[in-house]
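Engineer: Sequence first, then the predicted structure, then my questions.
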Amino acid sequence: MILPMVAEGLRFSAGGVEIIRGIDLELRAGGPTLVVGPNGAGKSVLLRLLHGLLAPGAGVVRWAAGDAARRQAMVFQRPVMLRRSVLANAEYPLKLAGIDPARAMAALERVGLAALAGRPARKLSGGEQQRLALARAWAMGPEVLFLDEPTASLDPAATRQVEAIIAAIAAQGTKVVMTSHDLGQARRLAEEVVLVIAGRVNAISPAPDFFERPPTGEAAAFLRGDLLW
Amino acid sequence: MQDIGSAFALAFGLILSGDDGLARIVGLSLRVSLTAVGIAALVGLPLGALLAVARFPGRQALVVALNALMGLPPVVAGLVIYIALSRSGPFGSLGLLFTPTAMVIAQAVLIAPILAALSRQVLEAMWDEYAEQLRSFGAGSWRAVPTLLWDGRFLLTTVLLAGFGRASAEVGAVMVVGGNIEGFTRVMTTAIALETSKGDLPLALALGVVLMAIVLGVNALAQGLRDLAARRGA
């Protein structure tokens, strides 16, 4: 088990702008953790730092097991579809990791895309592409799945389908860590909420507490819809 | 010199009758150019892909050099190959000068930088899109190269066809290293140059028509591949 993960003193700058300004965070096994906050708060950069796509300027990310990189996956806001069929997209990371590619079809069935397995992936709708991205990650059997605003560009029907898949992934024991600026989505999915404002963690709280008894003034302001910075 | 009308009539007569001399020249031209494209592709495409994904000291200088080599004058390339293959040159003992093999080498040297530079441009744009996702999958730069080459296959076929077009239309380098020997190293472009200088327009025109047909065919094929790629979301 690669959890718990502990991040200490994370800082990250790009183009002379400090985006992450000293974040300490611990992720434990359990239900989905929703990282919320206003646009530009640093949520997506934080996820990339935790997943290892970006190297922090300072600080460290510690996982409980050494081969954590192979036991986590990430799905992006705009899913990147390889120029291949739906099935070949799902098989690609499995082959790369030396895992039986037969798992790809099972993952496609779970997200309702098995009938489209032979279609070019880039010809799918936005919602179908995001479901394929989730299937591609799910097939890997990750212990931790990072999701960066996976429904940000989707219509309500597609959002509902994607959220159902995310809930199913979490129910099977994968730790989901997901960014969102949609408070309704956080209410629907989150077991734990992390509020990020201006590159810092402002609040960490169980979801019911966060929404019913906001732990900080900024959290209360965020829930009211006030402009925070 | 015949008038233009009778020259065209004779030219089409040669094409329609399947004239042996014409067929031999066209066949050698295609063999030389296709072999050169194949060899240049083996070097140029992986080099282009590597330059698209890798970041190392001197990369920018290499990119600039490749772009500059796209404009390499064929006669200069021919001269360099000529010196290398001549008896006093480093590869003189191989006895390749004035052979089709020398012509293949010259054309490959000419078009390898073109294939590398064009494929780098195509694959760099693809890498911008793929990089984060492939890194998330655990694919490093080396693993990304075959992925990009496969996913960019339709676009790269267009690059290959551009290289073939350049090779088949090239005259300076093959003239210098091939010698334009009848029945041995005479290809379409060198034959057109020779027959025109002799005033034998029908053969020159017939070869010109075939060359234009090949160029048109290559472009039609490239367009067809682009359409196919668009339909398949590639």
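Structural biologist: Happy to help now that I have it.
Engineer: Tell me the secondary structure at the residue nearest the centre of chain A.
Structural biologist: Nearest to the mean C-alpha position of chain A, by Cα atoms, centre = their mean, lies residue A:147 at 1.7 Å. Per DSSP: H, G, I helix; E, B strand; the rest coil, the secondary structure class of residue A:147 is strand.
Engineer: Spell out which residues of chain B are next to chain A.
Structural biologist: Within chain B, the residues that sit near chain A (Cβ under 8 Å from any Cβ of the partner chain) are B:129-130, B:132-133, B:135-139, B:143, B:147, B:151-152, B:154, B:232-234. Any C-beta I mention is one placed from the backbone N, CA and C, and that applies to glycine too.
Engineer: who touches the longest helix anywhere in chain A?
Structural biologist: Scanning chain A for the helix with the most residues, using DSSP state H, yields helix A:156-171. Applying Cβ atoms under 8 Å, 6 or more residues apart in numbering or on different chains, the contact partners of helix A:156-171 are A:31-32, A:110-112, A:125-127, A:130-131, A:134, A:138, A:145, A:147, A:150-151, A:154, A:176, A:178, A:185, A:188-189.
Engineer: quick one: the helix or strand following that helix to helix A:156-171, angle?
Structural biologist: Once the chain leaves helix A:156-171, the next helix or strand it forms, by DSSP states H and E, is strand A:175-180. On the basis of axes from the mean of the first three to the mean of the last three Cα atoms, to 10 degrees, strand A:175-180 is oriented at 150 degrees to helix A:156-171.
Engineer: pLDDT averaged over the helix or strand just after strand A:175-180 - what is it?
Structural biologist: Under the assignment DSSP H and E, the closest C-terminal helix or strand after strand A:175-180 is helix A:183-189. In this model, helix A:183-189 has a mean pLDDT of 95.
Engineer: How far off centre is the helix or strand just after helix A:183-189?
Structural biologist: Per DSSP H and E, the first helix or strand lying C-terminal to helix A:183-189 is strand A:192-197. In terms of Cα atoms, centre = their mean, to the nearest Å, the centre of strand A:192-197 is found 13 Å from the chain centre.
Engineer: in its sheet, what does strand A:192-197 sit against?
Structural biologist: In the sheet, strand A:192-197 lines up against strand A:33-36 (parallel), strand A:200-206 (antiparallel) (DSSP bridges).
Engineer: Looking at those, which is nearest to residue B:8?
Structural biologist: Distance to residue B:8, taken as Cβ to Cβ, is lowest for strand A:33-36 among the strands paired with strand A:192-197, at 74.4 Å.
Engineer: Okay, angle between the helix or strand following that closest one and strand A:192-197 too, please.
Structural biologist: Where DSSP H and E defines the elements, the next helix or strand beyond strand A:33-36 is helix A:43-51. Per the same axes, to 10 degrees, the angle that helix A:43-51 makes with strand A:192-197 is 120 degrees.
Engineer: who touches helix A:43-51?
Structural biologist: A:5, A:7, A:10, A:12, A:14, A:19-20, A:23, A:25, A:27, A:35-37, A:54-56, A:61, A:72, A:74, A:77, A:146, A:148-149, A:177, A:179, A:181, A:196, B:132, B:136.
Engineer: Buried ones among those residues?
Structural biologist: Among the contacts of helix A:43-51, the ones that count as buried by 16 or more other Cβ atoms under 10 Å in any protein chain shown are A:5, A:7, A:10, A:12, A:19-20, A:23, A:25, A:27, A:35-37, A:54, A:56, A:61, A:72, A:74, A:77, A:146, A:148-149, A:177, A:179, A:181, A:196, B:132, B:136.
Engineer: pLDDT at the closest residue to residue A:189 other than its chain neighbours, what is it?
Structural biologist: Distance criterion Cβ to Cβ, 6 or more residues apart in numbering or on different chains; nearest residue to residue A:189, sequence neighbours excluded, is residue A:32 at 5.1 Å. Predicted confidence (pLDDT) for residue A:32: 98.
Engineer: Ok, residue B:2 next?
Structural biologist: pLDDT, residue B:2: 57.
Engineer: Show the average pLDDT along stretch B:136-148.
Structural biologist: Rounded mean pLDDT across stretch B:136-148 is 92.
Engineer: what does stretch A:88-108 give?
Structural biologist: Here the average pLDDT along stretch A:88-108 is 96.
Engineer: Please write out the alpha-carbon positions of that stretch in CSV.
Structural biologist: Only the C-alpha atoms of stretch A:88-108 are listed here, as CSV (Å, rounded to 0.1, in the frame of the first residue of the first chain):
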residue,chain,number,x,y,z
ALA,A,88,-5.8,0.4,-28.2
ASN,A,89,-5.9,3.5,-26.0
ALA,A,90,-7.0,1.4,-23.1
GLU,A,91,-4.3,-1.2,-23.8
TYR,A,92,-1.4,1.2,-24.2
PRO,A,93,-0.5,1.9,-20.5
LEU,A,94,-1.1,-1.8,-19.7
LYS,A,95,1.4,-2.9,-22.3
LEU,A,96,3.8,-0.2,-21.1
ALA,A,97,3.6,-1.5,-17.6
GLY,A,98,3.8,-5.2,-18.6
ILE,A,99,0.2,-5.9,-17.4
ASP,A,100,-2.1,-8.2,-19.3
PRO,A,101,-3.8,-6.0,-21.9
ALA,A,102,-6.9,-8.2,-21.7
ARG,A,103,-7.9,-6.0,-18.7
ALA,A,104,-8.5,-3.2,-21.1
MET,A,105,-11.8,-4.6,-22.5
ALA,A,106,-13.1,-5.3,-19.0
ALA,A,107,-12.4,-1.7,-18.1
LEU,A,108,-14.2,-0.5,-21.3
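Engineer: residues of that stretch that come out buried?
Structural biologist: Of the residues in stretch A:88-108, those buried (16+ other Cβ under 10 Å) are A:88-94, A:99, A:103-105, A:107-108.
Engineer: nearest to chain B, of those residues?
Structural biologist: residue A:93 (4.4 Å; Cβ to the nearest Cβ).
Engineer: any idea which helix or strand carries that closest one?
Structural biologist: Counting by DSSP H and E, residue A:93 is part of helix A:86-97.
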